[in-house]
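1. coords please:
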Amino acid sequence: MTLEIATVNGWPIDIAVDNLSLGNSYLLQMKKGGTDKSAKAAEFLNRALSGLRQARAIDYLPLGLLARAALHRLTADFDGAQRDLSETKQIAERGSMELYLADFHLESARLNLAQNDPIMTREHWLAAGTMIERMKYHRRDNEANEIEEYLLFSDGK
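-> Numbering: from 1, shown residues only. The predicted model follows:
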């Protein structure tokens, strides 16, 4: 409904953000183990990123890149995930977007977990944890704790 309204009114950022929301909803369904929604998630996330780039909405672009990196990770396209994460990091560092940098480290930790690299997983998890504490970005505590549990399990504790 909101996508239709934004499209009729020609609101490019709203269109892109609505596509991002739809892509994230399919991504969430994938994470919960439902049927494979990767094609639909990719369709909406790619539309969102294209729209955000066209609208020059740099402040929203990391959200789309992080979501698509998660999609790539879940579909074992680790190179695609790394490309999106690298771009996220570049934008976030250039724009002093520290919350996105913390999110970058969390998704990088998850990517490295998927690639069975406990050293890099721990490095990104520690960086994210430090940033989360310093910025009081506690809405990410559960995600950091989940990664910590995987690390403890892989260490045999």
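2. CA only for contacts and neighbour counts going forward, please
-> OK.
3. so for the helix or strand where residue 149 lies, mean pLDDT?
-> Assigned by DSSP states H and E, residue 149 belongs to helix 141-154. The predicted model gives helix 141-154 an average pLDDT of 92.
4. by contact count, what packs against it?
-> Helices and strands in packing contact with helix 141-154 are listed as helix 98-114, helix 118-135; criterion 3 or more CA pairs under 8 Å, 6 or more residues apart in numbering; DSSP states H and E.
5. packing partners of the longest one?
-> Helices and strands in packing contact with helix 118-135 are listed as helix 98-114, helix 141-154; criterion 3+ CA pairs under 8 Å, 6+ apart.
6. got any ranges where this structure has weak pLDDT?
-> Low-confidence regions of the chain, defined here as pLDDT under 70, cover residues 1-3, 6-11, 34, 155-157.
7. out of the helices and strands packed on helix 141-154, flag the one nearest residue 152.
-> Distances from residue 152 to each of the helices and strands packed on helix 141-154 were compared using CA to CA; the shortest belongs to helix 118-135, at 10.2 Å.
8. show me what counts as buried in that closest one.
-> Of the residues in helix 118-135, those buried under the neighbour-count criterion (16 or more other CA atoms under 10 Å) are 118, 120-122, 124-129, 131-132.
9. what angle separates it from helix 141-154?
-> Taking axes from the mean of the first three to the mean of the last three CA atoms, to 10 degrees, one finds that helix 118-135 is oriented at 150 degrees with respect to helix 141-154.
10. and helix 118-135 with helix 98-114, angle?
-> Using the same axes, to 10 degrees: helix 118-135 against helix 98-114 is 160 degrees.
11. got the contact list for helix 118-135?
-> With CA atoms under 8 Å, 6 or more residues apart in numbering as the contact definition, helix 118-135 has outside contacts at 98-99, 101-103, 105-106, 108-113, 137-138, 140-141, 144, 147-148, 151, 154.
12. with that, I have no additional questions.
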